[in-house]
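Visitor: for reference, the sequence and a predicted model appear below.
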Amino acid sequence: MSVNNVQHHQPYLAIFDLDETLIAADSASLWAAFLVEQQLARPNLLTEEQEMMVAYAKGDMDMHTYMQATLEPLKGKDKASIATLVEQFIEQKIKPALYQDGLERIQWHKKRGDTVVIASATSEHLVKPIANMLGVDDAIAIELEMLNNIYTGNTKGILSYQQGKVTRMKAWIADSETHYRGCYGYSDSVNDLPLLNAVDKPFAVNPDPTLAMHAQMKDWTIMDWRHDNNILR
């Protein structure tokens, strides 16, 4: 087989951010509100979470502090009971927030034979079930510590946030048995500048002002995805 034919059969890798990229919301913020609705978290968690998200939008949030606060409601809960709650959460909060354009872009990649991965700075207990619902190949998210299938409220490993997302993605690629022809990357956030700088084909999706400026300066493609409340209902 010729080198050209070998390259032709190598897929591309498509990396999608989740929050405000594939969904018109932040899944961690929706989850915090959902837990308060279910009376499983203290109401003032929402105020604290939103204050920290202001720093996130500027690209200077302390992710360890954020995770410590938002994982508090999971502490001492077993994996199975949280998974049941997450199923309910996805039906009620995530599916109505999906971008149709995002779903179509995922399908575009899958029809080409590309590998599709969601890489998110949200916890794996949310990201992985959402990724399964979307039918993508894998998900990279903030890993959570458990003891005997009980959440400790702590994270583990490298947080998939900012440069950490690139580190985790490179480790994932290194562990893969597939050789990729190139890499697409999609995100809305200035926090993903390291990721978008690392891929061959960066796309700014509904970018925040800082990312929009970078995208214009670097001549990246800017995508405008609109939200439809009737998706998957």
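Guide: Arrived safely, thanks for sending.

Visitor: so what's the most centrally placed residue in the chain closest to, chain neighbours aside?
Guide: Per Cα atoms, centre = their mean, the C-alpha nearest to the average position across the chain is that of residue 120, at 2.7 Å. Leaving aside its sequence neighbours, residue 120 sits nearest to residue 18 (Cβ to Cβ, 6 or more residues apart in numbering; 4.1 Å). For every residue, glycine as well, the C-beta is placed using N, CA and C.

Visitor: ok so, going back, how about the residue nearest to the centre of the chain, what does it touch?
Guide: 17, 18, 19, 27, 127, 139, 140, 141, 142, 160 (Cβ atoms under 8 Å, 6 or more residues apart in numbering).

Visitor: recalculate using a threshold of 10 Å.
Guide: Contact analysis of residue 120 by Cβ atoms under 10 Å, 6 or more residues apart in numbering lists 16-19, 21-22, 27-28, 126-128, 130-131, 139-142, 160-161, 165, 187, 192.

Visitor: what stretches of the protein score poorly on pLDDT?
Guide: Where the chain drops to pLDDT under 70, the residues are 1-8, 228-233.

Visitor: which strands or helices does the helix or strand harbouring residue 142 pack on?
Guide: According to DSSP states H and E, residue 142 maps onto strand 138-147. Applying 3 or more Cβ pairs under 10 Å, 6 or more residues apart in numbering; DSSP states H and E, one finds that strand 138-147 contacts helix 63-70, helix 79-89, strand 115-123, helix 124-134, strand 150-156, helix 163-175.

Visitor: buried residues in it?
Guide: Residues of strand 138-147 classed as buried by neighbour count (16 or more other Cβ atoms under 10 Å): 139, 140, 141, 142, 143, 144.

Visitor: then stretch 122-130?
Guide: Result for stretch 122-130 [16+ other Cβ under 10 Å]: buried residues 122, 123, 124, 125, 126, 127, 128, 129, 130.

Visitor: what's the span of stretch 201-218 from first residue to last?
Guide: This stretch, stretch 201-218, spans 12 Å end to end (Cα to Cα, to the nearest Å).

Visitor: the residue nearest to residue 120: neighbour count?
Guide: Around residue 18 there are 27 other residues, counting by other Cβ atoms under 10 Å.

Visitor: pretty sure it sits against residue 129.
Guide: No: counting by Cβ atoms under 10 Å, residue 18 does not reach residue 129; the two are 11.6 Å apart.

Visitor: joint contacts of the two?
Guide: 94, 139.

Visitor: pretty sure residue 54 sits against residue 47.
Guide: No: with contact defined as Cβ under 10 Å, residue 54 does not count as touching residue 47 (11.3 Å).

Visitor: list the buried ones in whichever helix in the chain runs longest?
Guide: Longest helix of the chain, by residue count under DSSP state H: helix 44-58. Buried residues in helix 44-58, counting neighbours by 16+ other Cβ under 10 Å, are found at 45, 48, 49, 52, 53, 56, 57.
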